[in-house]
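**Q** Sequence first, predicted coordinates after that:
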Amino acid sequence: MGTVAIFGAGVMGETLLSGLLRSGHPVEELVVTERRPERATELADKYGITVLDNTDAADRADTIVLVVKPQDMGSLLDEIADRVRPGNLVVSLAAGITTDFLESRLPEGSSVVRVMPNTPALVDEGMAALSPGRHCTEGHLATASALLASCGKVTQVPEKLMDAVTAISGSGPAYIFYVVEAMIEAGVVLGMPRTTATELVVQTLYGAATMIKETGQHPTVLREQVTSPGGTTAAALRTLDDHKVRAAFITAMEAAARRSHELASGAQ
């Protein structure tokens, strides 16, 4: 991995920075860039990290991690392109920025990886999907995987699936929060204090997710174990089916994937 330069010290940039430090990456082999002087000072004080301007960071880096807004990506690449050397790895976490776009703005043969992360990386439970560019080596792909593994799980997908990844895991935490909000509200409607409803729902969510992960059983099997014939769960699930909730989730994710494609087309 060598020296890692993180361009953009927003939420995800800081998440990667702290994850790398927790996983044992030496602080002297980490640099960040940040346009706001007060934010740069905050990061230097908090992590003991070196904060540089874009060109100096690119000069020092072996692995270049781009965590800027999609609309800022073109100007950043123009600024650092002539500092990218053969052997450097360029990793982009910007939504909708394709490997073709990255390669077109970087020196011929540059090794790039596109990543779609998600916000649970903040608590080391992220789900990141990686797609390598045309010139990415197996070694560089392993480096990118290790980089993201510092704050969660990592999988590799063909780039054509990135819109689907965005719809499922990228936006996915928001769907879960949406369901949690609805379940808590139901508890309040049923006369329960909001704090009690929140505790019940959050632990139920955590327990259910842990069961899926640790038992390896299909969600249908686990659902059927809870659903007694003629019981309370069956009544609730029948109502969800009457309201076409399953179909609504699928349609919603199709809409998210479609919007991801539109945004990606506009970003190029």
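**A** Arrived safely, thanks for sending.

**Q** per the record, what domains does this protein have?
**A** 4-161, 170-264 (automatic domain parsing).

**Q** okay, these in TSV with mean pLDDT and mean neighbour count next?
**A** Backbone N, C-alpha and C define where each C-beta goes, glycine included. Output for the domains of the chain, formatted as TSV (pLDDT from 0 to 100; neighbours: other C-beta atoms under 10 Å):
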stretch	mean pLDDT	mean neighbour count
domain 4-161	94	18
domain 170-264	96	13
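
**Q** Quick check: phi and psi on the residue nearest to residue 61 when sequence neighbours are not counted?
**A** Closest residue in space to residue 61, ignoring its immediate chain neighbours: residue 5 at 3.5 Å, by C-beta to C-beta, 6 or more residues apart in numbering. Backbone torsions for residue 5, taken as degrees, to the nearest 10, come to phi -110, psi 120.

**Q** hey, what's residue 5 bridged with?
**A** residue 31, residue 64 (DSSP bridges).

**Q** pretty sure it contacts residue 33?
**A** Yes - at 7.1 Å, residue 5 and residue 33 qualify as touching, with contact defined as C-beta atoms under 8 Å.

**Q** Now do the shared contacts for those two.
**A** Here residue 5 and residue 33 have 52, 57 as joint contacts, going by C-beta atoms under 8 Å, 6 or more residues apart in numbering.

**Q** excluding its backbone neighbours, what's nearest residue 115?
**A** Closest to residue 115 by C-beta to C-beta, 6+ apart is residue 93, at 4.9 Å.

**Q** Could I get the contacting residues of the one you found?
**A** Residue 93 neighbours (C-beta under 8 Å, 6+ apart): 12, 16, 65-67, 115-117.

**Q** Where helices are concerned, which of the residues you listed count?
**A** 12, 16 (DSSP state H).

**Q** Can I get the contacts of residue 93 in CSV including distance to residue 129?
**A** What follows is the contacts of residue 93, written out as CSV (distance: C-beta to C-beta, whole Å):
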residue, distance to residue 129
12, 14
16, 15
65, 16
66, 16
67, 16
115, 7
116, 5
117, 8
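
**Q** which one among the contacts of residue 93 gets closest to residue 109?
**A** When the contacts of residue 93 are ranked by distance to residue 109 (C-beta to C-beta), residue 66 comes first, at 18.0 Å.

**Q** Spell out the secondary structure type for residue 252.
**A** helix (DSSP: H, G, I helix; E, B strand; the rest coil).

**Q** what helix or strand does the closest residue to it other than its chain neighbours sit in?
**A** Setting aside the residues directly before and after it, residue 252 is nearest to residue 175 in space (C-beta to C-beta, 6+ apart), at 7.3 Å. For residue 175, the host element (DSSP states H and E) is helix 172-189.
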